[in-house]
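Q: sequence and predicted structure below; questions after.
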Amino acid sequence: MRRSSNEASASKLRRREPELALRLETAHLIAEAEALQLKFRVRRSIKNVSMEVAMSDGLTMRISPIRKGAKGVAEWGIYLKNPFKSGQLEFLIHAHIEIFFASDKKRIEFESFTTMGKRLEVLINQGIQFFHTFTGELIQYKIRMVQYE
């Protein structure tokens, strides 16, 4: 089975420069978070990254990649061919989601699970639905205040 040039390029980048690939994938997710006007922060190390989204009721949703690639560096997901779009490559994010309450003195984890989706917004909505299913509580993400001039 022959790979498309885009698929091969993505695979080559991940194998040759896994840290760069992780930074590029993370930058894409940051752009999505900014477009949604989420209140969030990113925590990075050389081989891993996580995104923490502020939620209602003092909760935080931490989203982190579950896949490991070349040199043990995290990968946010995989590229798959979409048979309904002429074999066009689509990125599918595989993530671990934790929802927790954190104060200066302690951290209380409420729920933790893995999921996948095409966009950050999908992952966050799955987290909200999962939390509601298992706790009966509705939460929402916080947005940044945008000032217009």
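A: Here it is on my side, so go on.

Q: residue 113: how many residues sit nearby?
A: 14 (other C-beta atoms under 10 Å). All C-beta spots, glycine's among them, are computed from the backbone N, C-alpha and C.

Q: helices or strands next to the longest helix anywhere in the chain in the packing?
A: In the chain, taking DSSP state H as the definition, the longest helix is helix 18-35. Using 3 or more C-beta pairs under 8 Å, 6 or more residues apart in numbering; DSSP states H and E, the elements in contact with helix 18-35 are helix 5-16, strand 40-44, strand 49-54, strand 74-75, helix 120-135.

Q: now mean pLDDT, distance to residue 81 and mean neighbour count too, for the ones you listed, in TSV please.
A: Converted to TSV, those look like this (pLDDT from 0 to 100; distance: least, C-beta to C-beta, whole Å; neighbours: other C-beta atoms under 10 Å):
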stretch	mean pLDDT	distance to residue 81	mean neighbour count
helix 5-16	72	7	13
strand 40-44	95	29	14
strand 49-54	95	26	20
strand 74-75	94	18	20
helix 120-135	93	19	17
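
Q: what's the closest of these to residue 90?
A: With C-beta to C-beta as the measure, helix 5-16 is the member of those nearest residue 90 (10.8 Å).

Q: between the helices and strands packed on helix 18-35, which one is closest to residue 92.
A: The nearest among these, by C-beta to C-beta, is helix 120-135 at 10.1 Å.
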